[in-house]
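Undergrad: Give me coordinates for this.
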Amino acid sequence: MNTISVHININSGLYKKDPKSSDLGKRIVSKSIEMIHDIGFEDFTFKKLGVEITSNESSIYRYFESKHMLLVYLINWYWSWLEYRLAYKIQNIESPKDKLEIAINLLVQEVIDDNDFSSINEILLHKIIVDESSKAYHTKSVDAENEKGYFKCYKRVVKRVSELVLECNPDFEFPHMLISTVIEGAHQQRYFSQHLPSLTDFEKGKNNIVRFYTNLVFKTLHIS
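TA: Residues are numbered from 1 along each chain as shown. Here you go, the predicted model:
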């Protein structure tokens, strides 16, 4: 497995102690990704996590005050990582259309390679984003948490891709709505493909979701 040295910045308000600062913290994050993927966020608890990492439940609370904050941390990590990938992929691309197409692919495609960070399984994390991420902001505390900047990474990615939309069509009135709809819609379609397949036209091996949203964006922007 290849690893790279890239620093992922996470809002310090999301944790009590930076999990990147110790082996235990890294194990907490790594194992929580596996467990949330395997049993779901509702059934995941710090007590169960403690058993898996052979550590006291109280030691986990020294890093995160609740499993909700841990979920928001994981979501922030994902969007910060995706922002890094986006910047890297388009840095030498001149065509606005090509940059936007690359961006849509990154936002919509399934993550199938886990080769960037040794302590984070990006494949499983992406599955958590699809299945569980809406639970982080469909809460009564979302406004207060938004004020604290807990969703800044996600909003920054939407802003970056919205700017690419305006490079292609400066007169388009709804760039943020378009991109957030693409992201959330693609997540729903992936979820439906796994659990409610009659609600989607997904076909394994045909990349239908990527093609659908690329066509949707390009037709909406009148890009040929």
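Undergrad: show me where pLDDT drops low in this structure?
TA: 1-6, 114-118 (pLDDT under 70).
Undergrad: repeat that for 90
TA: Where the chain drops to pLDDT under 90, the residues are 1-9, 112-119, 203-207, 224.
Undergrad: residue closest to the middle of it?
TA: Tyr78 (4.1 Å; Cα atoms, centre = their mean).
Undergrad: Which is the succeeding secondary structure element to the one helix or strand that residue maps to?
TA: Per DSSP states H and E: Tyr78 is located in helix 67-90. Using DSSP H and E, the helix or strand that directly follows helix 67-90 along the chain is helix 96-108.
Undergrad: For the helix or strand just after that next one, give me every contacting residue.
TA: For helix 96-108, the following helix or strand on the C-terminal side (DSSP H and E) is helix 122-132. Counting by Cβ atoms under 8 Å, 6 or more residues apart in numbering, helix 122-132 makes contact with 33-34, 36-37, 40-41, 71, 74-75, 77-78, 81, 110-114, 116, 187, 190-191, all of which sit outside it. C-betas here are computed from N, CA, C, even on glycine.
Undergrad: got the contact list for Ile33?
TA: 74, 120-121, 124-125, 128.
Undergrad: I'd like the next helix or strand past the helix or strand it falls within.
TA: Using DSSP H and E, the element containing Ile33 is helix 23-39. Heading C-terminal from helix 23-39, the first helix or strand you meet, by DSSP H and E, is helix 46-52.
Undergrad: And that next one, what's buried?
TA: 46, 49-50 (16 or more other Cβ atoms under 10 Å).
Undergrad: between the helix holding Tyr78 and helix 122-132, how many degrees?
TA: Interaxial angle, helix 67-90 versus helix 122-132 (axes from the mean of the first three to the mean of the last three Cα atoms, to 10 degrees): 120 degrees.
Undergrad: Please state the offset of helix 67-90 from the chain centre?
TA: 5 Å (Cα atoms, centre = their mean, to the nearest Å).
Undergrad: re earlier: got the buried residues for the helix holding Ile33?
TA: 24-33, 35-37.
Undergrad: Which of the helices or strands spans the closest residue to Leu199 other than its chain neighbours?
TA: Leaving aside its chain neighbours, Leu199 sits nearest to Phe192 (4.4 Å; criterion: Cβ to Cβ, 6 or more residues apart in numbering). In this assignment (DSSP H and E), Phe192 forms part of helix 175-195.
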